[in-house]
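Trainee: Provided below for reference: sequence and predicted model.
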Amino acid sequence: MTTARREFLGTLAVGAFAGPTLGSLPLDPALVQPAARGWDFGWAKKLTGKYRAVFDIPAIEDGYGVWRAAIWRRQYATIFNVPETSLNTVVVLRHDGIALALDNRFWTKYDIAKRWNVHDPASRQPFAKNPAIERTGAAALPGEFAGFTLEDLIKGGATVLGCSLALRDCAQLVMDKDKVRYEDAMAQVRQMVVPGVTMQPSGVFAVVLAQDNGCRFVLGS
């Protein structure tokens, strides 16, 4: 999921904002003028805890980036005897890692696991769905890994952010497979974002904003 993003960055480099399209995709004004489009930055104001970290996750890597965020939170809570909910954990899903922000409808229909040779991080066996979500029933994680999902992080007060630039690449997959317009493809993709994930102008923007608000940087994947 890199072609559309590279074209976008190429356009940024030459300052060609006047054109109506970006490669095969229309340039979304929200990506050029984020402050004017009502993005949700309220999460940054909530980063007031003693312990704060932002996990930059640019790769799927079987969901290990999400696990690392969960492990950090659990270890700090245990060692320093503080509630996990008191820790400011920020997870940024960007570049190829944006796929972890999408539900299993997207993963199943567009063969994401096969495309990236995804495995279950617990069993190391091939896994056909998003390894970081919906780990219940037959897909439940072993007890020592319980809580290592996006849903559990969000429920526990973590902030999970997604890159809107990378989401365009997901829309490109929809366009290619379903033969639909970009606008329709993007509408479909937005409906498949995991509940609780807050989209940002870009993943890099989100990572820097988290650091501006006191988070230590961790390369999650």
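Mentor: That came through fine.
Trainee: So what does the closest residue to Val118 other than its chain neighbours look like in phi/psi?
Mentor: Of all residues not flanking Val118 in the chain, Phe127 sits nearest, at 5.3 Å (C-beta to C-beta, 6 or more residues apart in numbering). C-beta here means a position set from N, CA and C on the backbone, and glycine is covered the same way. The phi/psi pair for Phe127 (degrees, to the nearest 10) reads phi -130, psi 130.
Trainee: per-residue confidence for Phe127?
Mentor: pLDDT recorded at Phe127 is 96.
Trainee: And for Pro201?
Mentor: At Pro201, the pLDDT value in this model is 97.
Trainee: Quick check on it: phi, psi?
Mentor: Taking degrees, to the nearest 10 as the convention, Pro201 sits at phi -50, psi -40.
Trainee: Ok, Thr198 next?
Mentor: phi -100, psi 120.
Trainee: Okay, it and Leu209: tell me how far apart.
Mentor: For Thr198, the distance to Leu209 equals 12 Å [C-beta to C-beta, to the nearest Å].
Trainee: List the contacts of Ala146.
Mentor: Asp152 (C-beta atoms under 8 Å, 6 or more residues apart in numbering).
Trainee: for the spatially most central residue of the chain, which residues make a bridge with it?
Mentor: By C-alpha atoms, centre = their mean, the chain has its centre lying nearest to Leu93, at 2.4 Å. Going by DSSP bridges, Leu93 is paired in beta bridges with Ile57, Gly162.
Trainee: Quick check, it in contact with Leu102.
Mentor: No. Using C-beta atoms under 8 Å, Leu93 is not in contact with Leu102; the gap is 9.2 Å.
Trainee: Settle it for me: which of Thr198 and Leu209 has more neighbours?
Mentor: Just comparing Thr198 and Leu209: by other C-beta atoms under 10 Å the higher neighbour count belongs to Leu209, 20 against 17.
Trainee: so after the host helix or strand of that one, what's the next helix or strand?
Mentor: Using DSSP states H and E, Leu209 sits in helix 203-212. Of the helices and strands lying after helix 203-212 in sequence (DSSP H and E), the nearest is strand 216-219.
Trainee: so how far is that following strand from its chain's centroid?
Mentor: Relative to its parent chain, strand 216-219 has a centroid offset of 15 Å by C-alpha atoms, centre = their mean, to the nearest Å.
Trainee: who does that strand pair up with?
Mentor: Assessed with DSSP bridges, strand 216-219 is paired to strand 52-57 (parallel).
Trainee: So what touches the strand it pairs with?
Mentor: Contacts of strand 52-57 with the rest of the structure, by C-beta under 8 Å, 6+ apart, involve 65-66, 68-69, 72, 87-94, 97, 100, 203, 207, 210-211, 213-221.
Trainee: Poorly predicted segments of this structure, please.
Mentor: Across the chain, the ranges flagged by pLDDT under 70 are 1-37.
Trainee: mind running it again at 50?
Mentor: Flagging of the chain using pLDDT under 50 yields the residue ranges 4, 6-24, 31-32, 34, 36.
Trainee: Now do the same contact list for Ala63.
Mentor: You called it Ala, but residue 63 is Gly. Neighbours of Gly63 in contact, by C-beta under 8 Å, 6+ apart: Leu100, Val118, Pro121, Asn130, Pro131, Ala132.
Trainee: Alright, that wraps it up for me.
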